[in-house]
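> Just to be clear, the model below is a prediction. Sequence and coordinates:
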Amino acid sequence: MTIQDGLKSGIIEFEQSAREEEAKGRNRAAATLYFKAIATVCDYVIYQKLRKIPDNHAERFRILESHFILLYRVIDSIFSTYLQTYRSGISQEQMEMMKDAFRKAKKLAESVEKGL
């Protein structure tokens, strides 16, 4: 399996798991999984263009901010909600923001991939 294939399968697995957790009413778990899906989308784009996989959130954010500003804005907009899941639950509105961010990240990744 290539790195790209591994990242793609991770995106699919995190999204499917997020949907399953949300259906069970486990919004904290679902939000965490949506964030992981978004981060993996970002890693996919970074790898496609720069042939690098970030080692942590800080490195991912630095790379996104300097090379992929639109993706940076998407992930940055929901990072505090992701961190909130460690302390407390999230609202349905916040859950919708996570899902919308995932859709936006996927769409941006698809446009980058078409440009290759």
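Arrived safely.

> Touching stretch 57-75 from outside, list them.
Residues from elsewhere that reach stretch 57-75 (Cβ atoms under 8 Å, 6 or more residues apart in numbering): 38-39, 41-43, 45-46, 49-50, 52, 54, 76, 79, 101, 104-105, 108-109, 112. Using the backbone N, CA and C atoms, a C-beta is placed for each residue, glycine as well.

> buried set for it?
Residues 60, 61, 63, 64, 68, 71, 72, 74, 75 are the ones in stretch 57-75 that count as buried (16 or more other Cβ atoms under 10 Å).

> For the helix or strand hosting residue 37, buried residues please.
Using DSSP states H and E, residue 37 sits within helix 27-50. Under the neighbour-count criterion of 16+ other Cβ under 10 Å, helix 27-50 has 27-48 buried.

> re the thing from before, now the buried residues of stretch 57-75 as CSV including secondary structure, pLDDT and distance to residue 22?
Below are those laid out as CSV (DSSP: H, G, I helix; E, B strand; the rest coil; pLDDT from 0 to 100; distance: Cβ to Cβ, whole Å):
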residue, secondary structure, pLDDT, distance to residue 22
60, helix, 98, 24
61, helix, 98, 26
63, helix, 98, 29
64, helix, 98, 26
68, coil, 96, 27
71, helix, 97, 23
72, helix, 98, 25
74, helix, 97, 19
75, helix, 98, 19
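
> you'd agree residue 43 is up against residue 4?
No - judged on Cβ atoms under 8 Å, residue 43 makes no contact with residue 4 at a distance of 10.3 Å.

> can you pull the contacts of the most centrally placed residue in the chain?
Nearest to the mean C-alpha position of the chain, by Cα atoms, centre = their mean, lies residue 38 at 0.7 Å. Each residue near residue 38 by Cβ under 8 Å, 6+ apart is listed here: 74, 75, 78, 98, 101, 102, 105.
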